[in-house]
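**Student:** Predicted structure and sequence below. I'll ask about it afterward.
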Amino acid sequence: MKIMKFPTSHMTQLMDISEQVKEAVITSGVKEGICVVFTPHTTASVFLFENADQNLRRDLLSSLSAVIPSDRKYSHVGSNAAAHLKSSRMGASVTIPVHEGRPMFGKWQGVFFGEFDGPRQTREVVIKVIAG
């Protein structure tokens, strides 16, 4: 199991972590199985998304903000209700098949970490590769 720890630099941002996931799969030595990528945070997420066009990342953040605006009045006691709601909508984990020692991403697919309550000094992503 690999635990990535890293800072984020913006209130909301998307980080492509596909290379770190690929490296974890390769170094695990698992040839056939699954790779689970998970974040333990309730104001961040891990998800699969298109990784070729950076403009699409901005479109995703903009769309999430339109559906879940930060300036809306929420019942949540804290000031980060929108971050919790965005995170729950995007999900905390993904499972990727591993074949011949490599994660089976689609042609335009990557694994992303979504920050919705930053910036933060430390965020974590857990990568677990399981033989099967």
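**Tutor:** Thanks, I have the structure now. Small disclaimer: the values here were computed from a predicted structure and weren't measured. Numbers count the residues shown, from 1 in each chain.
**Student:** Can you tell me what sits against the helix or strand where A24 lies?
**Tutor:** Secondary structure from DSSP states H and E places A24 in helix 18-28. With CB atoms under 8 Å, 6 or more residues apart in numbering as the test, helix 18-28 has contacts from 2, 4, 35, 37, 51, 96, 98, 101-103, 105, 110-112, 125, 127, 129. Where C-beta positions appear, they are placed from N, C-alpha and C, glycine not excepted.
**Student:** Can you select the buried ones among the residues you listed for me in ChimeraX?
**Tutor:** The buried residues among the contacts of helix 18-28 can be selected in ChimeraX (16 or more other CB atoms under 10 Å) with this line:
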select :2,4,35,37,51,96,98,103,105,110,111,112,125,127,129
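**Student:** Tell me which of the contacts of helix 18-28 fall in strands.
**Tutor:** 2, 4, 35, 37, 96, 98, 102-103, 110-112, 125, 127, 129 (DSSP state E).
**Student:** Just name the closest of the residues you listed to T43, please.
**Tutor:** Checking the ones in strands among the contacts of helix 18-28 against T43 with CB to CB, the nearest one is V125 at 13.9 Å.
**Student:** can you pull the contacts of the closest one?
**Tutor:** Applying CB under 8 Å, 6+ apart, the residues near V125 are 3-4, 17, 20, 37-39, 46, 113.
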